[in-house]
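In: 3D, please:
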Amino acid sequence: MRKEGESVRASHVKNSHARFCGRATPSNRLRGTHLAVAWSIWALEHVVIHLPTRMLIVQGSLVVHDWHHRAGADRGWPNAIQKREADLQRELASGLCTYHDLWGISNVLNEVMMRISGAQDPESLTGVKFRLN
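Out: Got it, this is the predicted structure:
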């Protein structure tokens, strides 16, 4: 829900995240058997959890979902990933970063559940007009 005086775009920027499957690679500080085990677990997790999630559950546009809300009038969806990255790099060059990336299905689900649990009870809201955007 938008705060008083907050624009639709500002609300979208604050509340929309890109969702990526996967997790960071194992630490380069690991050596020997620990490194082999860490990479084996990482690979297995990606093949068993992240790849099926990305192929069967996560919609293709979710990785640029936040860019869509920032540039909804831009019809350049075939290049959305590159456009998002260019916008992100532009922000970083100016010392700003308003993009939020969520990596891994467990982190995505945790974020969704945290937001649901922190949401206001709809019955306690009076005189609020809801919009789809």
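
In: so in terms of bridging, what pairs with the spatially most central residue of the chain?
Out: With distances taken as C-alpha atoms, centre = their mean, the chain has A18 as the residue nearest its mean C-alpha position (2.6 Å). Assessed by DSSP bridges, A18 has beta-bridge partners D101.

In: wait, it touches Y99, no?
Out: Yes - A18 lies in contact with Y99 (C-beta atoms under 8 Å); the separation is 6.9 Å. The way it works is simple: take the backbone N, C-alpha and C, and place the C-beta from them, glycine included.

In: okay, and the common contacts of those two?
Out: D66, R84 (C-beta atoms under 8 Å, 6 or more residues apart in numbering).

In: any idea how far the residue nearest to the centre of the chain is from M55?
Out: 18 Å (C-beta to C-beta, to the nearest Å).

In: same deal with I105?
Out: 12 Å.

In: those two: which is more packed in?
Out: The neighbour comparison of I105 against M55 (other C-beta atoms under 10 Å) goes to I105, with 20 against 9.

In: contact partners for the more buried one?
Out: Applying C-beta under 8 Å, 6+ apart, the residues near I105 are C21, I49, H50, T53, I57, V58.

In: which of those residues count as buried?
Out: C21, I49, H50, T53, V58 (16 or more other C-beta atoms under 10 Å).

In: sketch out the low-pLDDT regions of this protein for me.
Out: 1-2, 60-61, 119-133 (pLDDT under 70).

In: quick one: the helices in it, in order.
Out: 8-15, 32-45, 51-56, 65-70, 80-93, 105-118 (DSSP state H).

In: picking up where we left off before, biggest separation within the buried ones among the contacts of I105, which pair?
Out: Spanning the widest gap among the buried ones among the contacts of I105 are I49 and V58, at 11.7 Å by C-beta to C-beta.
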